[in-house]
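Colleague: Next one to model:
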Amino acid sequence: MCCSDLNGFVFEKVDDHTYAAAMDYDLADYNGDTAAIDCQLTVAGLTGVQNAYDADGSYLRTRLDGRWKLNFTASSGDTANRIGTVSEPEVNGYTLSSVIAAPGETRVTVQLSADAPEGATLQLFSADGQKLQCASSRPSADSSAVSYDFDAAPADAAGLTVKLVDKNTDPLVELAQWDVSLPTE
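Modeller: Residues are numbered from 1 along each chain as shown. Coordinates of the predicted model:
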């Protein structure tokens, strides 16, 4: 059961006395060695929220005084990444540059045409039609390409569908669509 997404952390209840937090840290702009990254996480100012309410209807909260430090080593490898392929990368003047399905996210990069509408945005679907949520997007320096980070593709997925749509239209106008093949283990 997911509790909340707070500043990049997702907290999850493990049992009645234990909670776990997961943090997603983007290494896209990191230039150092990713084989062993020494990390230190400092946490302070935590507040516990009970599943009970005060007289005003607000959750009961308990401040957890103190500071905690956690030292650990993290690594990033691409051995589990799956590189997607398409038969026709260019559709209607838009080019699907890359699809990388990693265990923690799926990154899709598209080259936009010069006349792309301002509302051009990507959508990503699993083979069974489930829409994967977009966590972030970053345009290239010259804005000719945009990289999108989506939820992780299902580990057993052999394919994905990428759609470029104009989000400023109702109903959405589809500008391009690609069927992406992913290697399976």
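Colleague: Stretch 53-65: how far from the chain's middle?
Modeller: A distance of 32 Å separates the centroid of the chain from that of stretch 53-65, by CA atoms, centre = their mean, to the nearest Å.
Colleague: Tell me the buried residues in it?
Modeller: For stretch 53-65, burial by neighbour count (16 or more other CB atoms under 10 Å) applies to no residue. C-beta coordinates here come from the backbone N, C-alpha and C atoms, glycine included.
Colleague: what sits up against that stretch?
Modeller: 46, 47, 48, 49, 50, 51, 52 (CB atoms under 8 Å, 6 or more residues apart in numbering).
Colleague: Next one: the last one relative to residue 100, how far apart?
Modeller: To residue 100, residue 52 is 44 Å away according to CB to CB, to the nearest Å.
Colleague: The two: which is more packed in?
Modeller: More crowded of residue 52 and residue 100, by other CB atoms under 10 Å: residue 100, with 18 against 7.
Colleague: can I assume the more buried one is in contact with residue 80?
Modeller: No - Residue 100 lies out of contact with residue 80 (CB atoms under 8 Å); the separation is 10.7 Å.
Colleague: In contact with residue 50, which residues?
Modeller: 59, 60, 61, 62.
Colleague: For residue 151, state which of these is nearest.
Modeller: Nearest to residue 151 among the contacts of residue 50 is residue 59, at 27.9 Å by CB to CB.
Colleague: Which pLDDT value belongs to that closest one?
Modeller: pLDDT recorded at residue 59 is 80.
Colleague: which residues sit in contact with residue 154?
Modeller: residue 126 are the contacts of residue 154 under CB under 8 Å, 6+ apart.
Colleague: Same check on residue 38?
Modeller: Going by CB under 8 Å, 6+ apart, residue 38 touches 71, 73.
Colleague: How is it assigned, secondary-structure-wise?
Modeller: With DSSP: H, G, I helix; E, B strand; the rest coil as the basis, residue 38 sits in strand.
Colleague: now it: how far from residue 70?
Modeller: The spacing between residue 38 and residue 70, counted by CB to CB, is 12 Å.
Colleague: same check, this time on residue 129
Modeller: For residue 129, the distance to residue 70 - CB to CB - is 40 Å.
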